[in-house]
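>>> Sequence and predicted structure below; questions after.
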Amino acid sequence: MPYVTVKMTEGRTDEQKKALVEKVTSAVSETVGARKENIHVLIEEISKNHLAKGGVRVIDM
């Protein structure tokens, strides 16, 4: 049973997340031969207050 975690900053719509889950599931199924119903996808949303790049919080960019 493949488990995939996608980490991204918050702010995506439910429609975007649904499309992401469908495409990730298809890609994993095609690549490793797992049945789609056995693939788990977890989306972890990161607050822009809690992520920094180059010493600057993403929310401040």
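Now that the structure is in, tell me what you want to look at.
>>> Most distant residue from the centre of the protein?
What lies farthest from the middle of the chain is residue 55; by C-alpha atoms, centre = their mean that is 23.6 Å.
>>> Check the gap between it and residue 29 for me.
Residue 55 sits 40 Å away from residue 29 when distances are taken as C-beta to C-beta, to the nearest Å. For the C-beta atoms, the positions are set from N, CA and C on the backbone; glycine is no exception.
>>> Please, where are all the helices along the chain?
If DSSP state H is used as the criterion, the helices of the chain fall at 14-32.
>>> Residue ranges in it under the pLDDT threshold?
Within the chain, the set of residues satisfying pLDDT under 70 is empty.
>>> For residue 25, list the residues it contacts.
Under the criterion of C-beta atoms under 8 Å, 6 or more residues apart in numbering, the contact list for residue 25 reads 36, 39, 41.
>>> ok, of those residues, which come out buried?
The neighbour count (16 or more other C-beta atoms under 10 Å) marks 39, 41 as buried among the contacts of residue 25.
>>> So which of the contacts of residue 25 is the closest to residue 18?
Checking the contacts of residue 25 against residue 18 with C-beta to C-beta, the nearest one is residue 41 at 10.7 Å.
>>> is it true that the closest one touches residue 6?
Yes: using C-beta atoms under 8 Å, residue 41 makes contact with residue 6 at a distance of 6.7 Å.
>>> Which neighbours do these two have in common?
Contact criterion C-beta under 8 Å, 6+ apart; residues shared by residue 41 and residue 6: 20, 24.
>>> For the residue farthest from the centre of the chain, give its distance to residue 61.
Using C-beta to C-beta, residue 55 is found at 11 Å from residue 61.
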